[in-house]
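Undergrad: next input, structure requested:
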Amino acid sequence: PLSTWSDNGWYLIEATGSDKNGMKITERKYVKVWSPNGKGKTPEPLVVLPQSQQAEPGGTVTVHTVSGYTDLHLIRQIIEAGGKPVVSNVSYDGIPIVWTRKVSESDRGGLVVNYVTVKENRVYTGQSFINVPWTNKDMSISWETHRDKLLPGAKETWTMVVKGNKKEAIAAEMVATLYDASLDMFRPHAWNVYGLFPTLNTYINWNTETGFGQRHGEQRNFYKPEETGYYEKFYDQLYLMPGHRRYGRDMMSRMGGKGAVSSAAMNESVQMADMPAPPFPPKVSALAKVEEGRSESTIAQASDKMPAAPPVPTFRTNLKETAFFYPQLKTDAEGNVRIEFTMPEALTEWKFMAFAHTKDMSTGQLQGSVRTQKDLMVMPNLPRFMRQGDKMILSTKISNLSDGDLNGSAKLELVHAVTGLPMNLPFKLVEHTKSFTVSKGQSTTASWSIDVPASMYEPVTVRIQATAGAFTDGEESAVPVVTNRMLVTETLPLWINGTGTKEFAFDKLLGSNSSGTLAHHALTLEYSANPAWYAVKALPSLMEYQNECAEQIFNRFYATALAAHIVEQSPRIKAIFDKWKADTDALNSPLSNNQELKSALLQETPWVLEAQTEAEQRKRIGELFDTYKLSQEHEAASEKLRELQLPDGSFPWFKGMQADHFTTQYIVTGFGRLRQLGIVAATSGPAKDIAEKGLRFLDRNMKRHYDNIIRSKAKTTDQHISYADIQYLYMRSFFKQQPVSTEQKPAYTFYQTQAATYWSKLNPYLKGMIAIALNRAGNKAVPTVIIKSLKETAIRNEEMGMYWMQPGEGYWWYQAPVEAQALLIEAFREVNPEVATIDAMKTWLLKNKQTQNWKTSRATADACYALLLTGTNWLSRDPQVTVQLGNTSVSNTSQASEAGTGYFKLRIPGQEVKPDMGNISLNVTDKETNAASWGAVYWQYFEDLDKISKAATPLELRKQLFIERNTTRGPELQPISDGNSLKVGDKLVVRLEVIVDRDMDYVHLKDMRAAAFEPVNVISGYSWQGGLGYYQSTRDVSTNFFFDHLRKGKYVLEYPAFVSQSGNFSNGIATIQCMYAPEFASHSEGIRVNVTP
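TA: Numbering: from 1, shown residues only. You can find the predicted model right below:
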């Protein structure tokens, strides 16, 4: 009763009850009550209470403000959705303050009443939000005709009525859909309309931090606190066993009205003809026709005069997940919307959604659900696919929704999806009929054991039906059958540095006679006699820029100047370019070459655009080295740089921005490199003026930094040199003809001394810059020590050459590995010009290009500078290469080879492949040089999946399967072994271990699954795991991982799956391959898994 709340203040509400075990349960809740007519005053310093939290135009809102104090000065602020805040001063003397207002249409969106006061050196605030909703924009949608329980395949007509906020008929448009509600398990779906009309933010508060802040005490602990571990426990979520529907999968389409099947959506399945299967059953009785329009209970109550006849089973084939989607429905004159459709035949719950709107953006929504069901229902649990040689148990759930117990039989029929011929015998289906008994409102199961024939390549139609008295149900689905044999590609990289003979053993090919099921497909040899030309092919990327930034405009100038110099130094190069124009295949991206040797077609990967971009860049190589166009491009780039340069000599990143020190230093350094090469274009005309203006700006900047150090009275013997200062010294060393001014000389000398003192604390990149700068300045002692230190810390590898371990790629310019290697080559060439050492360093750059795409213009420019213009002239090489495959000899003199790179390729058909071809001898004859060359042998063969043994190259892959068991210590992973078999319902964890000995770009990993495994992550997308980012795509037969960049190291990937079928299955293999260099590939071994029911 109201008398209970007569006193203002706090109340305790206590509710007592008992649980199912009789244990007493008590719930307590504290509430604050205040009423204008209540007794007593509130103990709170400030309370702001609205009479009602929502109001409509035409009504009145009232806000009460009370306090436990008797004298207060308050500031009141009224905020409207569309107006300016109104501020006023209010005095409180112990009597409640009442604020009232007549609500108008302009108040829609809400009102906020804010109060603030200060008492006893404390600030108090209070707020009340009154919602004035946009109900004038609301529409109502209601059903006129609608049923919530339907028969599968029934023809329906639904009518909805759309009315305005005053219940009037209005003209509106509507979008409506009906889809399988279980799809929301993957990603919830809803139509939300936000922000159409202004609404006040309810979190508008007074800012009290300025005058009334907080201060915290500081406690210093002089003891080491005990470290406590953090443990987070995750509980398993309910997993619904996969049934006869496949939600959101890219799977083969279901059998249509005539049984047609399409296999285009599933590239991993075998091809099949698109032919109709004969209808099943061939005839439909009159009784069955009556059944379509009436419920089964009505049929059971048919006239006694009609003779009893056994029901004729019909199969549900239309298992679509979307019943309809109508994007533009319109109301009639009375505001009605009528929808006519045929329900799909899946037995499930369906979610209906409708959204209507008018021209003035009045909106309304309607949601609901319907269920398709029958008195007797079969719900098969079918796999996504079948694999040849698998032994599996097909099962179905049989549900009884009738008014009594049922006894009946369930039948399995297997039919060839193309020809319609019975397939029970090939699948060894002996007992295709099973008896069952199911109580009212209960379910039971029926199961059949089948063996998938090794000769089956086409999809099979699975028909499961159940009959009990007058009730019948059946479902028909097409299941693809994939081969258990696989075209395996084994790779063996070939390489040699310099000339000589090198022996290789292709062990797997040598032992190929040990398998009775292995069939050779082909043996392919490819070899690049002079890979240094791949750097030339990368040069056009410097000309392709999408942004008008200063750096990329300069790179265009740099590329044209460098190209002109290359042509001038070696006329033979121009002749090779002309040959490349005629042979367009020579200019393809490595991503698009050798498709027959790769694990995935380029079109199936996320890197189609990258391949097209690189190919387009390479095809412009003829334009790059065209003398006339060189001159034009060179002048255009010079003019753009001149316009971009600021009056003080600096460059902004983009036009209109402020001066950027690093961009300016990068451009002036590039001019210095061109001068060092003696390129006239960099020492005359506009380029000369641009470089010298930039140089003067950088000199002034260096002097300003030095003055700041002196002005701050810092100890000059401490380290003050920054990374930018070191880059300045390197840049300045190119301009000996423009010496540092007398005024700037002390600063320049200071930084030289700093560099000579603190070089040992820096990374190899910066050490190389210091060595070059000091060596050119006449200091020979320190650079010699630096080069000696770099030699001691370098990594030498027979294949990879000489390089330095980088702490990891970063975003800063001094953390770039390609640019660092290029500069160190320059440092060694000037300080310690040992040809063998420099060639070993160039080898690393070339091997880096073998597996990676130089993505930045800076990396490409620096790498080309180092490869083409330092050390031995590798471009002038014309080596002779001979590869001995057993008794078969292959040479670049006997095979057609690509100009420049000397690339040649030979394919030996399977019938000519011999095991002794695994004994491989590589011989390279040329003038004395240490230049690298490389190639690969690809052996392709067909083999049963479960008989494939693992293989590894510098890219290695391992695969393990684990069962996740819940123990007293939490979830544990237990490896699958003979004593630890799988059961239906087990949670499986697939672990993939990737080991790579060098950085690689564009790597594809494909993990095949057994037909018994149902993946959990079915939505494709970008993922991050174990410090590695990748795109994951789940297909019916496999899970695919795509890595843009894979750094040298070891990675572990895991993904979950559930066991959904019982039997004996081939689990397939996992394969990994660098799409940029397909000779680097690996795969795991094939195994079989046994699953008990």
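
Undergrad: longest helix anywhere in the chain?
TA: For the chain, the longest helix by residue count, based on DSSP state H, is helix 685-711.

Undergrad: for the helix or strand just after it, packing partners?
TA: Counting by DSSP states H and E, the element after helix 685-711 in chain order, helix or strand, is helix 723-732. Applying 3 or more CB pairs under 8 Å, 6 or more residues apart in numbering; DSSP states H and E, one finds that helix 723-732 makes contact with helix 661-676, helix 685-711, helix 745-758, helix 764-776. C-beta: built from backbone N, CA, C; applies to glycine.

Undergrad: give the rounded mean pLDDT of helix 723-732.
TA: The pLDDT scores in helix 723-732 average 92.

Undergrad: same check on stretch 1035-1052?
TA: The average of the pLDDT scores along stretch 1035-1052 is 88.

Undergrad: end-to-end on it?
TA: Distance across stretch 1035-1052, first residue to last, is 21 Å (CA to CA, to the nearest Å).

Undergrad: strands along the stretch 451-600 of the chain, start to end?
TA: 460-468, 471-479, 481-482, 485-497, 500-505, 519-528 (DSSP state E, counting those that start in this stretch).

Undergrad: could you chop this structure up by domain?
TA: By the assignment in automatic domain parsing, the chain contains the domains 1-40, 47-133, 136-198+321-372, 249-286+310-315+374-483, 487-530+877-941, 770-855, 949-1092.

Undergrad: okay, the ones you listed in a markdown table with mean neighbour count next?
TA: Listed next are these as a markdown table, based on neighbours: other CB atoms under 10 Å:
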| stretch | mean neighbour count |
| --- | --- |
| domain 1-40 | 10 |
| domain 47-133 | 16 |
| domain 136-198+321-372 | 16 |
| domain 249-286+310-315+374-483 | 18 |
| domain 487-530+877-941 | 18 |
| domain 770-855 | 19 |
| domain 949-1092 | 18 |
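
Undergrad: nearest to Thr560, of these?
TA: Taking CB to CB, domain 770-855 is the member of these nearest to Thr560, at 18.3 Å.

Undergrad: what about Gly389, helix or strand, and which?
TA: Secondary structure from DSSP H and E places Gly389 outside every helix and strand.

Undergrad: what about the strands of the stretch 451-600 of the chain, which gets the closest to Ile95?
TA: Taking CB to CB, strand 471-479 is the member of the strands of the stretch 451-600 of the chain nearest to Ile95, at 75.7 Å.

Undergrad: the closest one - contacts with which helices or strands?
TA: Right, strand 471-479 is packed against strand 376-381, strand 460-468 by 3+ CB pairs under 8 Å, 6+ apart.

Undergrad: what pLDDT, on average, does that strand get?
TA: 90.

Undergrad: pLDDT below threshold where in the stretch 851-1000 of the chain?
TA: 851-858, 861, 868-876, 928-929, 978-980 (pLDDT under 70).

Undergrad: hmm, try it at 90
TA: 851-880, 891-911, 924-956, 965-972, 974-982, 996-1000 (pLDDT under 90).

Undergrad: helix or strand for the nearest residue to Arg556 once chain neighbours are set aside, which one?
TA: Leaving out its chain neighbours, the residue that sits closest to Arg556 by CB to CB, 6 or more residues apart in numbering is Ala637, at 4.5 Å. With secondary structure defined by DSSP H and E, Ala637 is part of helix 627-644.
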